[in-house]
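Colleague: just a sequence and a predicted model for now, questions to come.
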Amino acid sequence: MQLLVRQMVPFIQRQCSGLTLIEVLIGMAIVSIALAAIIKTTTQNIQATKYLQDKTMATWVGQQVLNEVRVGVLTLPSTNDLKQKTVLLGRDWYWESSQEETANSRIKKITVNVYAHENVDQDEFPLINLESYIYGKE
């Protein structure tokens with residue numbers, strides 16, 4: 001019997017290796033916080049990329065309108081804004097353009113505002129606002 005007890009003592013005294021439930025829960029909490037931060041950062045990055053893509057395409061639309069006015073393809077009314085729609089890369093872009101007098105009667109100021117959707121509130125800012133000047137007849 002003593003022999004059996006002596007053989008069991010090292011087995012009983014040996015510590016068990018492994019993780020407790022508390023340690024596992026703490027580890028899972030740390031991993032979940034880290035994953036949530038990664039997901040949030042990725043979402044913000046995607047939103048910023050989408051905004052920059054929209055802003056770039058709106059700039060192209062505005063530049064197209066300014067170029068059409070410069071070469072005489074598009075004539076702006078002198079009294080009120082011209083509002084139209086342009087399709088670029090399979091998407092509708094809504095813009096408004098106005099012409100203003102300057103101190104020199106031959107130089108006109110052209111302003112183009114480009115929006116992503118048609119129904120624009122008065123307080124809403126355009127995606128892009130471009131200004132240019134053209135030289136023409138008096």
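Modeller: Perfect, I can see it now.
Colleague: buried sites along the longest strand that the chain contains?
Modeller: Identified as the longest strand of the chain according to DSSP state E is strand 91-101. Residues 93-99 are the ones in strand 91-101 that count as buried (16 or more other Cβ atoms under 10 Å). For every residue, glycine as well, the C-beta is placed using N, CA and C.
Colleague: in space, what's closest to Val114 - neighbours in sequence excluded?
Modeller: Ala58 (4.1 Å; Cβ to Cβ, 6 or more residues apart in numbering).
Colleague: what about the one you found, how many neighbours?
Modeller: For Ala58, the count of nearby residues is 24 (other Cβ atoms under 10 Å).
Colleague: okay if I get the buried residues of strand 91-101 as TSV plus pLDDT?
Modeller: Output for these, formatted as TSV (pLDDT from 0 to 100):
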residue	pLDDT
Trp93	94
Tyr94	93
Trp95	93
Glu96	92
Ser97	93
Ser98	90
Gln99	90
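Colleague: what's the closest of those residues to Val112?
Modeller: Nearest to Val112 among these: Ser97, at 4.7 Å, using Cβ to Cβ.
Colleague: now do the closest one against Ile46, distance only.
Modeller: Distance, Ser97 to Ile46, using Cβ to Cβ, to the nearest Å: 32 Å.
Colleague: do Asn80 as well
Modeller: Going from Asn80 to Ile46 by Cβ to Cβ gives 39 Å.
Colleague: with Thr75 instead?
Modeller: Counting by Cβ to Cβ, the gap from Thr75 to Ile46 is 41 Å.
Colleague: tell me the angle the helix or strand encompassing Tyr133 makes with strand 91-101.
Modeller: Tyr133 is located in strand 128-135, with elements delineated by DSSP states H and E. With axes from the mean of the first three to the mean of the last three Cα atoms, to 10 degrees applied, the angle from strand 128-135 to strand 91-101 works out at 40 degrees.
Colleague: so the residue nearest to Val114 lies in a helix, does it not?
Modeller: Yes: counting by DSSP: H, G, I helix; E, B strand; the rest coil, Ala58 is located in a helix.
Colleague: does it touch Leu130 like I think?
Modeller: No: the criterion here is Cβ atoms under 8 Å, and Ala58 misses it with Leu130 at 9.2 Å.
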